[in-house]
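Chemist: got a sequence here, can you build the structure:
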Amino acid sequence: MEDDSYFEDEEFSPIRSLLGLLTFSTILPINVFTSIEYMTKLTWAWPFIHIFIGILAAICGYISLEILHLNSFFAAVIVYAFLMIITGYNHLDGVMDMADGVMVHGEPERKIRVMKDSSVGSGGVATLFLVASLTIAGIYNILDYNFIIGIIICEMLAKTSLLTTALLSKPLTPGIGSYFINETTPSKYFISTAIITTFAFLLGGLVGIFGALGAIISGTIIAVIAKRNFVLANGDVLGMSNEVGRLFSLLFMAVALYFL
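Modeler: Model prediction:
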């Protein structure tokens, strides 16, 4: 999330900007580009775009379970792999980079230098392993409850977690992450989150509401950790929030499925 030369400058078009956001966050062969300024004006719509990605992942899970007759754990691994591949592993570097920055001792300036360093430390690798393993376990858990719709819910709510972190953070400039943070205003955030939470309820009932709560809590936690360690936030912090948000959404839904 550091090089904005990838985008072409042009007049603002909502449809083109939405497709540009989809191009930016997936490997789907859409190849629609727009300027970073125009694309990020629709940051609030990011969770809605990922409803489509969640549907594709849910179909992948359904095929694994019902057609290939794989067990729930194998299906969960396939679903997670599908999500990582279709999103181009877009946020995994953020998980590792932020973890490395948090683990190192020193002032915020030193932590930021470590976070932005291209090399990866043991803390980053270990954190990625934990987040990935726990996410697979979460998908496995909801599949065990035959709650395959939870795959759609957790994927769209991963972006709600990202938006929560963006809302509560001050941007580290320059960098593409700063555009997303600056465009996440309170009004845009609350409208986006209210609609997405409604979608989560329509799809999963009270379990979906718990998933939304998990994503919001996750985004808040990541924002607090980033503020304490770096003062400012960048694309790596938002990437961490996305991946942990998916995990927390799954965790909260898994707990809700047991008790409700």
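Chemist: C-alpha from now on. contacts and neighbour counts both.
Modeler: OK.
Chemist: quick one: residues in contact with stretch 74-89.
Modeler: 25-28, 53, 57-58, 60-61, 64-65, 90, 135-137, 139-140, 143 (Cα atoms under 8 Å, 6 or more residues apart in numbering).
Chemist: pull out the buried members of the residues you listed.
Modeler: 25-26, 53, 57-58, 60-61, 64-65, 90, 135-137, 139-140, 143 (16 or more other Cα atoms under 10 Å).
Chemist: narrow the contacts of stretch 74-89 to those in strands?
Modeler: Secondary structure from DSSP state E places none of those in strands.
Chemist: which residues of the stretch 151-260 of the chain score low on pLDDT?
Modeler: Within the stretch 151-260 of the chain, no range satisfies pLDDT under 70.
Chemist: can you show me the helices along it?
Modeler: Counting by DSSP state H, counting those that start in this stretch, the stretch 151-260 of the chain has helices at residues 176-183, 186-204, 206-230, 235-259.
Chemist: and those helices: which comes nearest L70?
Modeler: L70 lies closest, by Cα to Cα, to one member of these: helix 235-259, at 20.7 Å.
Chemist: in the closest one, what's buried?
Modeler: 235-254, 256-257.
Chemist: hmm, back to that, and which of the buried ones among the contacts of stretch 74-89 is nearest F230?
Modeler: N90 (21.5 Å).
Chemist: and the strand or helix carrying S133, what's buried?
Modeler: In this structure, S133 sits in helix 122-144 according to DSSP states H and E. Neighbour-count burial for helix 122-144 flags 123-125, 127-128, 131-132, 134-143 (criterion: 16+ other Cα under 10 Å).
Chemist: could you do stretch 111-125 as well?
Modeler: Buried, per 16+ other Cα under 10 Å, within stretch 111-125: 111-112, 114-116, 120-121, 123-125.
Chemist: show me the two of those that sit farthest apart.
Modeler: The widest separation within the buried residues of stretch 111-125 (Cα to Cα) is 17.6 Å, between I112 and V125.
Chemist: I'd like the helices of the stretch 151-260 of the chain as CSV, with distance to V77 appended.
Modeler: Conversion of the helices of the stretch 151-260 of the chain to CSV gives the following (distance: least, Cα to Cα, whole Å):
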stretch, distance to V77
helix 176-183, 29
helix 186-204, 22
helix 206-230, 20
helix 235-259, 14
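Chemist: out of those, nearest to V104?
Modeler: Nearest to V104, of the helices of the stretch 151-260 of the chain and by Cα to Cα, is helix 206-230 at 9.6 Å.
Chemist: which parts of the closest one are buried?
Modeler: Under 16+ other Cα under 10 Å, the buried positions of helix 206-230 are 206-224, 226-227, 229-230.
Chemist: which element is the residue lying closest to S13 once chain neighbours are set aside on?
Modeler: Take S13 and drop its neighbours on the chain: the residue closest to it by Cα to Cα, 6 or more residues apart in numbering is Y38, 7.9 Å away. Using DSSP H and E, the element containing Y38 is helix 36-40.
Chemist: that helix: how far from the chain's middle?
Modeler: Here the centre of helix 36-40 is set off from its chain's centre by 18 Å, with Cα atoms, centre = their mean, to the nearest Å.
Chemist: from the contact counts, what lies against that helix?
Modeler: The elements that helix 36-40 packs onto, with contact taken as 3 or more Cα pairs under 8 Å, 6 or more residues apart in numbering; DSSP states H and E, are helix 14-25, helix 176-183.
Chemist: so for it, mean pLDDT?
Modeler: Mean pLDDT, helix 36-40: 88.
Chemist: list of residues touching that helix?
Modeler: Contacts of helix 36-40 (Cα under 8 Å, 6+ apart): 4, 7, 12-13, 17-18, 20-21, 176, 179-180, 183.
Chemist: which of these are buried?
Modeler: Among the contacts of helix 36-40, those classed as buried by 16+ other Cα under 10 Å are 7, 17-18, 20-21, 176, 179-180, 183.
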